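> Next comes the sequence, and after it the predicted model I'd like to discuss.
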Amino acid sequence: EEYKDFQSRLNNAQSQMVDREQCVDNVVESLEKDLELLGLTGVEDKLQEDVRQTLELLRCAGIKFWMLTGDKRETATCISISSKLVSRMQTIYQMDVSSESEARDVLVEFQQLIDTVLVIDGKSLEICLSGEEISTLFFESTCNAPSIVCCRCSPTQKAQVVELIRKLTPERVVSIGDGGNDVSMIQAAHVGVGIEGKEGRQAALAADYSITQFSHIAPLLLWHGRNSYQNSAMLSQVIVHRGMIMAFLQVIYSTVFYFTPATLYTGMLVFGYSCWYTFLPFFALV
């Protein structure tokens, strides 16, 4: 009888044309009373190994962090504190707005704070990304913050935040994710890194680099990334100087012979110089 009464009230709530969700919630809440607790289960959201050390190492290298997650505000705040994304000396500023004018006032107020981490939910983030002017103000207000935590974010909002950072800053943007909802964010960044985990391999397959643990991001960026940058810079210099040698000798030859349209090098000599005589530095760098 109790179930039949609940079913009839639920059907009536679901057939309402106005405030249908509120009516359904009221019917469900009426059922959840005078209950006896028989058991309780919980799932521990445990961090991987060396997450704190990795974040601290990257922070010392001058890298700023934006945490984009779909978790609730409380969960995202607790994770940011436990992972040391928010240090002990820093404070947390909760942003919850409902209009664009209110968002402007809050961003101006936050811009004056020092050593403060901003925590913003998906509803407020949608307002901050609604227009070009408010989005620019949002980035300028948060660019000096040590870290930014965006909770309750949809995959589209994650990609919009990454595109906003790429648009308003000349720095390189790296997106790190481990789930299918991070694919759009990974593809929107300059470099995408996917973590293979319990949530599948969708992020790893869509990324430029694939790792098995978050702690592997430190050697990937600070060691392999730096070596790749140095080799690329040195390789470009070798190419420029190799061309300058040939051009400088050709200018001298043409000057001595009254700028006659004669070439100093034959076709095979140029080919041999480019592909045979100077190939060792390229192989050594690559």
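On my side now, so go ahead. Numbers count the residues shown, from 1 in each chain.
> going forward, measure contacts and count neighbours with C-alpha atoms only.
OK.
> which stretches of the stretch 1-150 of the chain form strands?
Using DSSP state E, counting those that start in this stretch, the strands of the stretch 1-150 of the chain run over 65-68, 91-95, 116-120, 147-150.
> Now render the ones you listed as JSON lines, adding mean neighbour count and distance to residue 157.
Supplementary listing: those in JSON lines, determined by neighbours: other C-alpha atoms under 10 Å; distance: least, C-alpha to C-alpha, whole Å:
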{"stretch": "strand 65-68", "mean neighbour count": "20", "distance to residue 157": "9"}
{"stretch": "strand 91-95", "mean neighbour count": "15", "distance to residue 157": "16"}
{"stretch": "strand 116-120", "mean neighbour count": "22", "distance to residue 157": "12"}
{"stretch": "strand 147-150", "mean neighbour count": "24", "distance to residue 157": "10"}
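> In a markdown table, list those along with mean pLDDT.
A markdown table is the format used below for the strands of the stretch 1-150 of the chain (pLDDT from 0 to 100):
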| stretch | mean pLDDT |
| --- | --- |
| strand 65-68 | 94 |
| strand 91-95 | 93 |
| strand 116-120 | 94 |
| strand 147-150 | 94 |
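> With residue 240 as the reference, name the closest of these.
When those are compared for distance to residue 240 using C-alpha to C-alpha, the nearest one is strand 65-68, at 36.3 Å.
> What helices and strands are in contact with that closest one?
Strand 65-68 is packed against strand 147-150, with contacts defined by 3 or more C-alpha pairs under 8 Å, 6 or more residues apart in numbering; DSSP states H and E.
> wait, what's in contact with the closest residue in space to residue 126 that isn't next to it in sequence?
With sequence-adjacent residues excluded and distances taken as C-alpha to C-alpha, 6 or more residues apart in numbering, residue 126 is closest to residue 157, at 7.4 Å. For residue 157, the contacting residues are 122, 125, 126, by C-alpha atoms under 8 Å, 6 or more residues apart in numbering.
> Also residue 71?
So, once contact is read as C-alpha under 8 Å, 6+ apart, residue 71 ends up touching 151, 152, 153.
> What's the separation between the first one and residue 19?
For residue 151, the distance to residue 19 under the criterion C-alpha to C-alpha, to the nearest Å works out to 27 Å.
> does residue 260 count as helix, strand or coil?
Per DSSP: H, G, I helix; E, B strand; the rest coil, the secondary structure class of residue 260 is coil.
> do the same with the one 4 residues further on
At residue 264 the chain is in coil, as set by three-state DSSP.
> how many neighbours does it have?
Other residues near residue 264 number 16, with proximity taken as other C-alpha atoms under 10 Å.
> Pull up the per-residue confidence for the nearest residue to it once chain neighbours are set aside.
In space, not counting the residues next to it along the chain, residue 264 is nearest to residue 250; the distance is 6.0 Å by C-alpha to C-alpha, 6+ apart. Among the per-residue scores, residue 250 holds a pLDDT of 84.
> ditto for residue 105
Taken from the predicted model, the pLDDT recorded for residue 105 is 93.
> please begin residue numbering at 46 from this point
With the count now opening at 46, the last piece we talked about shows up as residue 150.
> For it, grab the count of nearby residues.
Number of residues near residue 150 (other C-alpha under 10 Å) recorded here: 11.
> any idea how far residue 92 is from it?
Between residue 150 and residue 92 the computed distance is 36 Å (C-alpha to C-alpha).
> Which helix runs longest in the protein?
Looking only at the chain and at elements set by DSSP state H, the helix with the highest residue count is helix 270-301.
> After it, heading C-terminal, what element do we hit next?
Helices and strands here follow DSSP states H and E; after helix 270-301, the next one along the chain is helix 312-317.
> export the next helix or strand after that following helix as PDB, just CAs?
Following the chain from helix 312-317 toward its C-terminal end, the next helix or strand by DSSP H and E is helix 324-330. This file holds the C-alpha atoms of helix 324-330, laid out as PDB (Å, rounded to 0.1, in the frame of the first residue of the first chain):
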ATOM      1  CA  PHE A 324      74.900  15.100 -42.200                       C
ATOM      2  CA  LEU A 325      76.800  14.100 -39.000                       C
ATOM      3  CA  PRO A 326      75.700  17.100 -36.800                       C
ATOM      4  CA  PHE A 327      72.000  16.500 -37.800                       C
ATOM      5  CA  PHE A 328      72.200  12.800 -36.900                       C
ATOM      6  CA  ALA A 329      73.900  13.600 -33.600                       C
ATOM      7  CA  LEU A 330      71.200  16.100 -32.700                       C
END
